[in-house]
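Chemist: Any chance you could fold what I've pasted below:
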Amino acid sequence: MIKETLVLLKNIRQAGYKGTIEEYQQTGGYSVWKKVLKDLTPDDVKKQVKDSGLRGRGGAGFPTGFKWGFMADVKGKPNYLVCNADEGEPGTFKDRELMIKDPHLFLEGMLISCFAVKCNTGYIYVRGEYYEAIKILKREIAQLNKAKFLGDNILGSGYSLKLVVHSGAGAYICGEETALLDSLEGKRGLPRVKPPFPAVSGFNACPTSVNNVETLANVPFIMEKGAEAFKANGTINNAGTRLISVSGLVKRPGVYEIKMGVNLKDIIYDFGGGTLPNRTLKAVIPGGSSSPVLLADEIDIGCDFDCLQKAKSMLGSAGVVVLDDTVDMPRLLHRLIEFYAHESCGQCTPCREGLNWIRILLRDLLARRLEKSWVDQIYRIAGNITGTTLCALGDAGAIPVMSFIDKFREEFLGYCK
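Modeler: Residues are numbered from 1 along each chain as shown. You can find the predicted model right below:
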């Protein structure tokens, strides 16, 4: 039986740990921040994070060090670091765990990362439904200011930093980085045309890096233990540990920390406890609801970016949703498309019209009003959405449609008249 590799969750797994600044410091917290301010330059931090191979944990998996390196050096304009804590992908709830139960690990990572990109004002954009996380972050940031780890001339280093917690309004589209930036500026959250990318023209048209909560929470470990220690916990091109949100029809849903590359089947059966009594595994959604579904005989693979890509799925936000033989796949797909059609910002015609059209057709399918030829039509509509929109929301809705029909066509045909 596999065990967790505890890096990000090591404090959370300690009985009685409440995540206060005092408790965090007792575990060695903020010693790395002090060392960075005293001994290192922003370029030193960027190099170590780049050497570690840390890839973004929000979904795309882009190398963090490279992302920071793309930030333009524009005279007369400030740099910004914005944390994407929107976490709106169905099946994903790992960032909430960090923000609520060990906020200072994430906050120390935020401080070091702001220093690395020469940012004096950092923003944490949290989805509005995460009310408890917003309250905790605001409270603990006040404690950081009181401890002089934040504010003007931090610990006499000459470096000043302010952190602002911004509450979103519950829009899935604001998980896309440019829509998030528009929302942060007080506008309606709509994806921007790229280029220019945020690294050149982001928040208030200034150089900006947008990073995920889990991504930033890895930075203290990298700066303390070194790049090689971080890479030792993963596989080639998939360094470090990964937080996995396990949900669906399993005995032990929850958040677990694994080395990148651990077998997906072991995650489901060892951590999740397997399916409920007298039920058999039918399928698994491995990376949040927008990732292609895998059949029960396709899950004996490594859980990392590359292995899941080879299996024609993706790790995404690492939201593992387990489905057993009681799940009606057409009904589940209809529920997913209701979500994506509702959350479409409406800016791109293929997404706005296509997802709603699929929603209506699936509704009619479940009411047994469609002939068999319409299953192929639904598939074609989804195929015409992919790759045609400003952001990935269109793909996020269309890809599950194509995947579900590919893997479970007979179930869809069974609803036809």
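Chemist: mind listing what's buried in stretch 307-325?
Modeler: Buried residues in stretch 307-325, counted by 16 or more other Cβ atoms under 10 Å: 307-308, 311, 313-324. C-beta here means a position set from N, CA and C on the backbone, and glycine is covered the same way.
Chemist: For stretch 48-65, buried residues please.
Modeler: Across stretch 48-65, burial judged by 16+ other Cβ under 10 Å covers 48-59, 61, 63-65.
Chemist: Stretch 211-224 too?
Modeler: Judged by neighbour count (16+ other Cβ under 10 Å), stretch 211-224 contains these buried residues: 211-223.
Chemist: any idea where the strands of the stretch 101-250 of the chain begin and end?
Modeler: Ranges of strands in the stretch 101-250 of the chain, per DSSP state E, counting those that start in this stretch, are 119-126, 162-167, 208-212, 241-248.
Chemist: Buried deepest among the ones you listed, which one?
Modeler: Here the criterion is mean neighbour count by mean count of other Cβ atoms under 10 Å, and of these the winner is strand 208-212, at a mean of 26.
Chemist: can you list contacts of that strand?
Modeler: Defining contact as Cβ atoms under 8 Å, 6 or more residues apart in numbering, one finds that strand 208-212 is touched by 56-59, 64, 67-68, 71, 79-85, 95, 113, 117, 119, 177, 180-181, 198-199, 202.
Chemist: what lines up beside it in the sheet?
Modeler: Strand 208-212 has its sheet partners listed here by DSSP bridges as strand 79-85 (parallel).
Chemist: Next, the angle strand 162-167 makes with the partner strand.
Modeler: Taking axes from the mean of the first three to the mean of the last three Cα atoms, to 10 degrees, one finds that strand 79-85 is oriented at 40 degrees with respect to strand 162-167.
Chemist: quick check: mean pLDDT across strand 79-85?
Modeler: The predicted model gives strand 79-85 an average pLDDT of 97.
Chemist: Same check on stretch 111-125?
Modeler: When pLDDT is averaged over stretch 111-125, the result is 97.
Chemist: and it, how far apart are its ends?
Modeler: One end of stretch 111-125 sits 15 Å from the other (Cα to Cα, to the nearest Å).
Chemist: any idea how far it is from the chain center?
Modeler: Distance of stretch 111-125 from the chain centroid (Cα atoms, centre = their mean, to the nearest Å) equals 19 Å.
Chemist: would JSON lines of the strands of the stretch 101-250 of the chain with distance to residue 279 be doable?
Modeler: As requested, those are exported to JSON lines (distance: least, Cβ to Cβ, whole Å):
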{"stretch": "strand 119-126", "distance to residue 279": "36"}
{"stretch": "strand 162-167", "distance to residue 279": "39"}
{"stretch": "strand 208-212", "distance to residue 279": "34"}
{"stretch": "strand 241-248", "distance to residue 279": "11"}
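Chemist: coming back round to it: which of the buried residues of stretch 307-325 fall within strands?
Modeler: Among the buried residues of stretch 307-325, the residues falling in strands (DSSP state E) are 319-324.
Chemist: Just the buried residues of stretch 211-224: which are in helices?
Modeler: Using DSSP state H, the members of the buried residues of stretch 211-224 that fall within helices are 213-217, 219-223.
Chemist: Show me which of these is closest to residue 406.
Modeler: For residue 406, the nearest member of these is residue 214. The distance, counting by Cβ to Cβ, is 30.4 Å.
Chemist: Quick check, that closest one in contact with residue 243.
Modeler: Yes. Checked against Cβ atoms under 8 Å, the pair residue 214 and residue 243 is within contact range at 5.6 Å.
Chemist: before we move on, the earlier item: quick check: of the buried residues of stretch 211-224, which lies closest to residue 381?
Modeler: So of the buried residues of stretch 211-224, ranked by how close each gets to residue 381 (Cβ to Cβ), first place is residue 212, at 31.2 Å.
Chemist: For the closest residue to residue 176 other than its chain neighbours, the count of nearby residues, please.
Modeler: Spatial nearest neighbour of residue 176, excluding adjacent residues (Cβ to Cβ, 6 or more residues apart in numbering): residue 391 at 4.5 Å. Residue 391 sits with 21 neighbouring residues when counted by other Cβ atoms under 10 Å.
Chemist: cool, residue 16 as well?
Modeler: The criterion is other Cβ under 10 Å. On that basis, residue 16 has 5 neighbouring residues.
Chemist: What does the pLDDT read for it?
Modeler: Reading off the per-residue confidence, residue 16 sits at a pLDDT of 93.
Chemist: three-state assignment of it?
Modeler: With DSSP: H, G, I helix; E, B strand; the rest coil as the basis, the three-state label of residue 16 is coil.
Chemist: quick one: which of the buried residues of stretch 48-65 is nearest residue 350?
Modeler: Using Cβ to Cβ, those come closest to residue 350 at residue 59, 20.6 Å.
Chemist: In this structure the closest one contacts residue 316, no?
Modeler: Yes. The pair residue 59 and residue 316 passes the contact test of Cβ under 8 Å, sitting 4.9 Å apart.
Chemist: what touches both of the two?
Modeler: 89, 287-288.
Chemist: Could you dump these into JSON lines and include pLDDT and neighbour count?
Modeler: Putting the shared contacts of residue 59 and residue 316 into JSON lines (pLDDT from 0 to 100; neighbours: other Cβ atoms under 10 Å) gives the following:
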{"residue": "89", "pLDDT": "93", "neighbour count": "22"}
{"residue": "287", "pLDDT": "94", "neighbour count": "27"}
{"residue": "288", "pLDDT": "93", "neighbour count": "23"}
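Chemist: Among those residues, which lie within strands?
Modeler: No part of those ends up in strands, with DSSP E as the criterion.
Chemist: Could you say which one of the strands of the stretch 101-250 of the chain comes nearest to residue 387?
Modeler: Residue 387 sits nearest to strand 208-212 of all these, at 22.3 Å, using Cβ to Cβ.
Chemist: Which residue, other than its chain neighbours, is closest to residue 99?
Modeler: With Cβ to Cβ, 6+ apart as the measure, residue 133 is the residue that lies nearest to residue 99, at 4.0 Å, once sequence neighbours are left out.
Chemist: Please name the residues that touch the one you found.
Modeler: Taking Cβ under 8 Å, 6+ apart, one finds 85, 96, 99-100, 103, 126 in contact with residue 133.
Chemist: now swap in residue 331 and tell me
Modeler: If you count contacts by Cβ under 8 Å, 6+ apart, residue 331 has them with residue 366.
Chemist: cool, residue 394 as well?
Modeler: When contacts are counted by Cβ under 8 Å, 6+ apart, residue 394 is found next to 344, 348, 350-351, 354-355, 385-386, 388.
Chemist: hang on, it in a strand?
Modeler: No. With the criterion set as three-state DSSP, the secondary structure at residue 394 is helix rather than a strand.
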